[in-house]
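**Student:** Sequence and predicted model, in that order:
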Amino acid sequence: MTDALAAGSAPGAATKTELRRHYRRRRQQLLPRVEIRLQQQLQTLLQGLRNQGRIGPGGGRIGLYWPLAGEADLRPALSGMADLELALPAVSDGRLEYRPWKPGDALQPDACGIPAPTAAALPADALALLLIPALAIDRRGIRLGYGGGWYDRLRSQQAWRRPAALGVLPAGCCTEALPRDPWDIPLDGWLSEEGCHWRQPLP
């Protein structure tokens, strides 16, 4: 872990609102320097999972995200991996779902105004890996997001705990401990320019 709050604040001393401001700025500062390496680490991860048969033909889909300003763009990492099946999240009727997607498909704004596919929602068992943007993450896998709670509500369903879930962020946004609310569902690890860090080995 590389950041215990830039000012050295004790864990839990800052509110989530303050932490979001801090890590939004920090991510914005760090990402331009590390984004290409982060994409390269994703390629390494995907190649390994494909070799294991977890993704690709006979495996599950990869749940990406459509990058907003300040988020790592993972799409360049997919170059040369046309055999992978993909999905993008969409908010509809008050819930988050994943829909099948491939580069070039038409997208329309979802309920949050984020580009999303228009196809029908996929079941949890169609996905093998969820890549989730994060402002920060701690050793326990607690993710600091934007506060909407969409991913936590989705993963509060047992079926949606089965796909492995990784936060995506610069290594400088990883920290020792973040405040945890009762509804926070830990992620299985994180992906940064330093590599993929699993909290526990994949089954």
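**Tutor:** Arrived safely, thanks for sending.
**Student:** Go ahead and flag the most central residue of the protein.
**Tutor:** With distances taken as Cα atoms, centre = their mean, the chain has I132 as the residue nearest its mean C-alpha position (1.3 Å).
**Student:** So, low pLDDT: which residues of the chain?
**Tutor:** 1-13 (pLDDT under 70).
**Student:** Would you map the helices across it?
**Tutor:** For the chain, the helices defined by DSSP state H occupy 16-51, 150-155.
**Student:** Quick one: closest of the ones you listed to C173.
**Tutor:** C173 sits nearest to helix 16-51 of all the helices of the chain, at 5.3 Å, using Cβ to Cβ. In short, each C-beta sits where N, CA and C put it, glycine included.
**Student:** Now do the buried residues in that closest one.
**Tutor:** Within helix 16-51, the residues scored as buried using 16 or more other Cβ atoms under 10 Å are 19-20, 22-24, 26-27, 30-31, 34-35, 38-39, 41-43, 45-46, 49-50.
**Student:** do the same with stretch 78-91
**Tutor:** Quick answer for stretch 78-91 (16+ other Cβ under 10 Å): 78, 84-91.
**Student:** want to throw the residues you listed into TSV with distance to Q157?
**Tutor:** Compiled in TSV, those are given as follows (distance: Cβ to Cβ, whole Å):
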residue	distance to Q157
L78	27
L84	25
E85	21
L86	21
A87	16
L88	19
P89	14
A90	16
V91	15
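**Student:** So what's the gap between stretch 111-124 and the chain middle?
**Tutor:** With Cα atoms, centre = their mean, to the nearest Å as the basis, stretch 111-124 stands 16 Å off its chain's centre.
**Student:** Contacts for it, please.
**Tutor:** Residues outside stretch 111-124 that contact it (Cβ atoms under 8 Å, 6 or more residues apart in numbering): 61, 66, 68, 87-94, 97-101, 105-110, 148, 157, 159-160, 162-163.
**Student:** Weed out the non-buried ones from those.
**Tutor:** The neighbour count (16+ other Cβ under 10 Å) marks 61, 66, 87-91, 97-101, 110, 160, 163 as buried among those.
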